[in-house]
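The following comprises the amino acid sequence and a computationally predicted model.
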Amino acid sequence: MTIKRLLLALPLVFVAWITVMALVMRISDAAPAAVVLFPSPEFMAAMPPGTAIIAANAVSVTLRSDIPGFGALLYQSGALLVLPAGLTGCLPLPKQTNAKP
C-alpha cells in the first residue's frame with residue numbers, strides 16, 4: 001500500500017512544483033533568466049523587444065532580459081509555460097577560502 005501511495009503522490013508533487021515555479025515567473029522578477037517550454041514559431045516572432053536568446057533546442061528556449069515583469073510579458077507573448085532559470089537555489093553557496101594546505 002505504501003508504494004502505491006508514493007507512486008500516486010510523486011506526479012502530484014511534480015505538477016505542484018512546476019505550478020509554483022510558473023507562478024514565480026508570472027508574479028516576480030526573482031530569476032535572472034527564463035526557460036520557455038515548447039515555444040511556438042508565433043511566440044518566437046512575438047518575443048518582447050530587448051530579449052536575448054541564451055540557448056535554444058527543440059523543446060525549450062532560455063531567454064534573458066532586464067525588462068520589469070519579464071515573465072508576465074513572455075506569457076502575454078504566447079508562451080505556454082515559463083520557468084525560472086539561473087537561480088542559485090535555496091542553500092547558500094559555500095564560501096571560498098584561500099587557506100594553503
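Received, thanks. Numbers count the residues shown, from 1 in each chain.

mean confidence score for the longest helix along the chain?
Ranked by residue count and defined by DSSP state H, the top helix of the chain is helix 2-27. Regarding helix 2-27, the rounded mean pLDDT is 89.

list the buried ones in that helix?
Applying a neighbour-count criterion of 16 or more other C-beta atoms under 10 Å, the buried positions in helix 2-27 are Met21, Ala22, Val24, Met25. Backbone N, C-alpha and C define where each C-beta goes, glycine included.

How about stretch 40-51?
Of the residues in stretch 40-51, those with enough neighbours to count as buried (16+ other C-beta under 10 Å) are Phe43, Met47, Thr51.

any idea which of the residues you listed is the one closest to Thr62?
Nearest to Thr62 among these is Thr51, at 10.8 Å by C-beta to C-beta.

Leaving out chain neighbours, which residue sits closest to the closest one?
Spatial nearest neighbour of Thr51, chain neighbours left out: Ser65 (4.7 Å); criterion: C-beta to C-beta, 6 or more residues apart in numbering.

what does stretch 55-68 rub up against?
When contacts are defined by C-beta atoms under 8 Å, 6 or more residues apart in numbering, stretch 55-68 is touched by residues 29, 32-39, 44, 47-48, 50-54, 70, 73-74, 85-86.
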